[in-house]
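Asks: Following is a predicted model, sequence given first.
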Amino acid sequence: MRSDHVYHILETRGLLAGMRGDFPPETALRIVEVLVEEGIVVFEFTMNSTDPLQTLQSVKRAFGDDVCAGMGTVLDATTARQVIDAGADLIMSPAFGPEVVQAALDADVLIAPGVITPTECVNAWAMGVRLLKIFPIGPLGLDYFKSIRGPLNHMRFLANGGITAENAGDYLRAGATCCGLSGWLTGDGTWPLETIRKRARQVVQAVAAARDATISSNIV
């Protein structure tokens, strides 16, 4: 998928589900099916998980363009090109690496590098990044995000790290474009599917409520 299309889906849906750990293809496919049924269609697999490239490709074959399948924990340009060749719709990283960013931009793949300081935000945005993954935002909290975004409110942020159904809406109301959830939502690969379904339903409802509140405040 082209980067602008993936960005539009993230902006519209407001959620990304990550899977880090023991998520081989057969496990991931079952979880993706449940999450799609609950309205979550953007997924991040990670390079430090079980069979990540095979998992990504299995999900792409099974669901096609009904989902966006991305790869996270991409730490260098070689890996970035590897996951692009594997068909990733999105690349994410815990850090801002200019060489990773450039590889994704050259291939027109949406890139969300990890940033946590104003300097990192400005430098990544200047390269042409259109979605900054502010990570790990959970330990620093909502006030830190508001402080970062205050002078940088022309930038677009994906809040990631420590996000749950209880705080996802808060970050969206504070100006985040979307939120990424992993451990709280998908567990470690051993959770019952109904537990994942229940949590997905909770966070989808929280995002919808936050969006409704934002629209109402803008009308007022």
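Replies: Good, I have the coordinates.
Asks: Only C-alpha atoms from now on, for both contacts and neighbour counts.
Replies: Fine.
Asks: so where is this protein shaky, pLDDT-wise?
Replies: Confidence mapping of the chain against pLDDT under 70 gives the ranges 215-220.
Asks: all helices in it, in order from the N-terminus.
Replies: With DSSP state H as the criterion, the chain has helices at 3-13, 25-37, 52-63, 77-85, 98-106, 118-127, 137-140, 142-149, 168-173, 183-186, 193-219.
Asks: Distance to Ala159 for these - can I get that in TSV?
Replies: Output for the helices of the chain, formatted as TSV (distance: least, Cα to Cα, whole Å):
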stretch	distance to Ala159
helix 3-13	12
helix 25-37	19
helix 52-63	22
helix 77-85	22
helix 98-106	18
helix 118-127	13
helix 137-140	7
helix 142-149	9
helix 168-173	7
helix 183-186	14
helix 193-219	13
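Asks: Nearest to Gly161, out of those helices?
Replies: Gly161 lies closest to helix 137-140 among those, at 5.2 Å (Cα to Cα).
Asks: Which neighbouring elements make contact with that closest one?
Replies: Contacts defined by 3 or more Cα pairs under 8 Å, 6 or more residues apart in numbering; DSSP states H and E place helix 137-140 against strand 157-160.
Asks: Okay, buried residues for the strand it packs on please.
Replies: Phe157, Leu158, Ala159, Asn160 (16 or more other Cα atoms under 10 Å).
Asks: picking up where we left off before, out of the helices of the chain, the one nearest Glu44 is which?
Replies: Of the helices of the chain, the one closest to Glu44 (Cα to Cα) turns out to be helix 52-63, at 8.6 Å.
Asks: That closest one vs helix 77-85, what angle?
Replies: 20 degrees (axes from the mean of the first three to the mean of the last three Cα atoms, to 10 degrees).
Asks: which outside residues touch helix 52-63?
Replies: With Cα atoms under 8 Å, 6 or more residues apart in numbering as the test, helix 52-63 has contacts from 23-25, 28-29, 32, 45-47, 67-71, 83, 86-88.
Asks: swap the cut-off to 10 Å and go again
Replies: 19-30, 32-33, 36, 41, 43-47, 49, 64, 66-72, 82-83, 85-89 (Cα atoms under 10 Å, 6 or more residues apart in numbering).
Asks: From Tyr171, how far off is Arg149?
Replies: 11 Å (Cα to Cα, to the nearest Å).
Asks: Between these two, which has more neighbouring residues?
Replies: Shown here are Arg149 and Tyr171; by other Cα atoms under 10 Å, Tyr171 has more neighbours (25 against 19).
Asks: wait, that one sits on Ile163?
Replies: Yes: the criterion here is Cα atoms under 10 Å, and Tyr171 meets it with Ile163 at 8.9 Å.
Asks: okay, and the common contacts of the two?
Replies: Ile137, Gly141, Cys179.
Asks: quick one: which of the residues you listed is most hemmed in?
Replies: Cys179 (28 neighbours).
Asks: Now do the contacts for that residue.
Replies: Cys179 neighbours (Cα under 10 Å, 6+ apart): 10-11, 13-17, 133-134, 157-161, 163-164, 167-169, 171-172, 203, 207.
Asks: cutoff 8 Å now
Replies: Per Cα under 8 Å, 6+ apart, neighbours of Cys179: Gly14, Leu15, Leu16, Leu158, Ala159, Asn160, Ile163, Ala168, Tyr171, Leu172.
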